[in-house]
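[1] Please find the sequence and the predicted model below.
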Amino acid sequence: MTGYGRAEETVNGCTITVELRSVNNRYLDCNVRIPRLYLFAEDAIKTRVQNTISRGKVDVFVTLDNAGAEKVQVSVNRPVADGYYAALRQLAEIYGLESDISVSLLSRFPEVLLAEKAEEDVEQMAKDICSVLDRALADFDQMRTREGERLREDVLSRVALIEEKVGLVEERSPQTVSEYRAKLEARMNEVLSNTQIDPARILTEAAIFADKVAVDEETVRLRSHIGQLREMLDKGGAIGRKLDFLIQEFNREANTIGSKCSDIEIARHVVDIKAEIEKIREQVQNIE
């Protein structure tokens with residue numbers, strides 16, 4: 001199912017932004033775009049996404065702006081400071097100068113003071129990123145819920161139309177047998193005008209034809225599938241793959257009905273049924 005979610009939060013001076021985008025896919029394919037320095041959080045992000053989304057091609061974009069949030073540790077480089085101090089003392093002794101060595105003076109020499117970026121707490125940063133991700137997933141889920149409701153209404157309206165067409169097929173099917181029997185009797189009367197026609201033979205032929213074109217079993221199964229589909233939509237959850245399979249069964253029954261019936265009116269109803277099934281199949285690809 002297509003969807004989009006976004007969240008932004010400033011944690012410990014670092015602004016974390018997470019965006020999610022998804023498009024239809026038969027299985028879950030999660031791709032994470034995150035700065036190289038924070039790749040340690042990638043597995044945790046994918047796990048969170050897998051716990052929330054069961055299928056679709058999902059792209060997760062993570063950006064971090066830690067301007068002003070970087071912590072710097074300043075330390076004394078003792079070997080270098082000791083060297084400068086000893087050298088200054090030596091200069092004072094050699095030239096008979098007053099020793100006025102001060103902290104301010106020593107600190108001006110190169111590399112006496114070392115400024116280093118503080119080591120980042122990897123676990124805490126991963127937790128902070130996942131916290132913002134959870135909010136983005138919640139936003140993503142709200143959008144999917146709204147889209148899911150629209151899809152549900154569309155599928156149910158098409159199912160109702162299929163059910164209506166199935167009723168017309170069931171109504172028309174017995175009529176084709178009666179019409180076949182009448183045509184058969186008329187044809188035999190025309191060919192065998194001077195011969196007594198055996199009614200039993202006509203009944204037998206009509207029964208054979210009725211057996212060939214009978215679609216009772218198919219329409220019963222089709223109605224059963226319709227009931228299952230409605231139950232699944234009412235129940236909700238991750239039903240996309242189950243619906244995929246069920247729609248295949250819809251198609252199988254519709255194809256069987258079409259192959260059995262030579263009646264033009266029934267053929268038209270079957271075409272309409274198959275058209276609606278195809279539209280439902282396309283919509284099912286959007287359902288997780």
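    The structure has been received and is ready for your questions. Numbers count the residues shown, from 1 in each chain.
[2] For S259, give its distance to L161.
    Note on S259: its distance to L161, by Cβ to Cβ, to the nearest Å, is 22 Å. For glycine as for every other residue, the C-beta is placed from the backbone atoms N, C-alpha and C.
[3] mind showing which ranges of the stretch 151-288 of the chain have poor pLDDT?
    177-213 (pLDDT under 70).
[4] For it, just list every one of the helices.
    199-213, 216-235, 240-260, 264-284 (DSSP state H, counting those that start in this stretch).
[5] Looking at S259 and L161, which one has more neighbours?
    A count of neighbours by other Cβ atoms under 10 Å puts L161 above the other of S259 and L161, at 15 against 11.
[6] Count residues in the vicinity of the nearest residue to the more buried one once chain neighbours are set aside, would you?
    Setting aside the residues directly before and after it, L161 is nearest to E276 in space (Cβ to Cβ, 6 or more residues apart in numbering), at 5.4 Å. Applying other Cβ under 10 Å, we find 22 other residues in the vicinity of E276.
[7] Was I right to think E276 contacts A160?
    No: using Cβ atoms under 8 Å, E276 is not in contact with A160, being 9.5 Å away.
[8] Next, the contact list for the residue positioned nearest the centre of the chain, please.
    Per Cα atoms, centre = their mean, the C-alpha nearest to the average position across the chain is that of G56, at 3.0 Å. Residues near G56 by Cβ atoms under 8 Å, 6 or more residues apart in numbering: 1-3, 22-25, 28-29, 288.
[9] which residues does it form a beta bridge with?
    Following DSSP bridges, G56 is listed with bridge partners L28.
[10] Where do the strands of the stretch 1-150 of the chain begin and end?
    3-11, 14-23, 28-33, 56-65, 72-76, 113-117 (DSSP state E, counting those that start in this stretch).
[11] Out of the ones you listed, indicate the one that is most buried.
    The highest mean neighbour count among the strands of the stretch 1-150 of the chain, using mean count of other Cβ atoms under 10 Å, belongs to strand 14-23: a mean of 20.
[12] which helices and strands does it pack with?
    strand 3-11, strand 56-65, helix 122-191 (3 or more Cβ pairs under 8 Å, 6 or more residues apart in numbering; DSSP states H and E).
[13] K235: neighbour count?
    Neighbours of K235 under the rule other Cβ under 10 Å: 8.
[14] and it, how far is that from L243?
    Counting by Cβ to Cβ - K235 and L243 are separated by 11 Å.
[15] what do you get for L156?
    Relative to L243, and taking Cβ to Cβ, L156 is found at 12 Å.
[16] In terms of neighbours, single out the busier of the two.
    L243 (21 against 15).
[17] what's that one in contact with, if anything?
    229, 232, 284, 287.
[18] switch to 7 Å and redo it
    Contact analysis of L243 by Cβ atoms under 7 Å, 6 or more residues apart in numbering lists 232, 284, 287.
[19] likewise V58?
    Per Cβ under 7 Å, 6+ apart, neighbours of V58: 20, 22, 29-30, 49.
[20] ok, back up a step: could you point out which of the strands of the stretch 1-150 of the chain sits nearest L222?
    Closest to L222 of the strands of the stretch 1-150 of the chain is strand 56-65 (Cβ to Cβ; 29.5 Å).
[21] Check the offset of the closest one from the chain's centre.
    15 Å (Cα atoms, centre = their mean, to the nearest Å).
[22] relative to strand 14-23, how tilted is that strand?
    For strand 56-65 against strand 14-23, the angle by axes from the mean of the first three to the mean of the last three Cα atoms, to 10 degrees is 160 degrees.
[23] Pick out the lowest-pLDDT one from the contacts of G56.
    Note: of the contacts of G56, the lowest pLDDT belongs to M1, at 64.
[24] picking that back up, now restrict the contacts of L243 to buried residues only.
    284, 287 (16 or more other Cβ atoms under 10 Å).
[25] any chance of the contacts of L243 in TSV, plus distance to F40?
    Output for the contacts of L243, formatted as TSV (distance: Cβ to Cβ, whole Å):
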residue	distance to F40
M232	40
V284	38
I287	34
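[26] Closest one of the contacts of L243 to E120?
    Nearest to E120 among those, with distances taken as Cβ to Cβ, is I287, at 41.1 Å.
[27] Specify the stretch among the helices of the stretch 151-288 of the chain that is closest to R172.
    Taking the helices of the stretch 151-288 of the chain one by one with Cβ to Cβ, helix 264-284 is closest: 5.4 Å.
[28] Alright, calling it a day.
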